[in-house]
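A.B. asks: Please find the sequence and the predicted model below.
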Amino acid sequence: MASDSRIFRLSCLAAALIIVIGLFWAGSKPVAVGLFSGHLDKVAHFATFALIAALLWLSFQRGRPLLVIAIVSAIGAADEFRQHFLPGRSASLVDMAVDIFAAVAVVFILKYAGRHNG
């Protein structure tokens, strides 16, 4: 069943990539301006980047926590940098911090859960 494991890991990586592409594509559309107001923006950031982190964690077989955090942090930084150049959008260090926090939280939870479940 090693091929099933490989297919699962590649599927998780593909799903993470699709989410990132969707994030960058949808985020460049005018409808993205003010899509989430107030704290909902932070919730959306946390949920999106937590999902990306979880998918990367699964695709790397739970063995590379710092790599997952680094990749998610780089995606968050690139997203905020890109937003600086989009009409009606702005870069936010707080948003980037939420993205990084989401990655750290997911890695911590999944690493801790893995220790207690086998």
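C.D. replies: Perfect, thanks for sending it. Numbering: from 1, shown residues only.
A.B. asks: Okay, buried residues for the helix or strand in which Asp4 is found please.
C.D. replies: Counting by DSSP states H and E, the element that carries Asp4 is helix 2-27. Within helix 2-27, the residues that count as buried by 16 or more other Cβ atoms under 10 Å are Cys12, Ala15, Ala16, Ile19, Val20, Leu23, Gly27. All C-beta atoms are positioned from the backbone trio N, CA, C, and that covers glycine.
A.B. asks: Distance of the first one relative to Leu67?
C.D. replies: In this structure, Cys12 and Leu67 are separated by 14 Å, where distance is defined by Cβ to Cβ, to the nearest Å.
A.B. asks: likewise the second one?
C.D. replies: Using Cβ to Cβ, one gets 17 Å for the distance from Ala15 to Leu67.
A.B. asks: what do you get for Gln83?
C.D. replies: The gap separating Gln83 from Leu67 is 25 Å, by Cβ to Cβ.
A.B. asks: neighbour count winner among the two?
C.D. replies: The neighbour comparison of Gln83 against Leu67 (other Cβ atoms under 10 Å) goes to Gln83, with 18 against 13.
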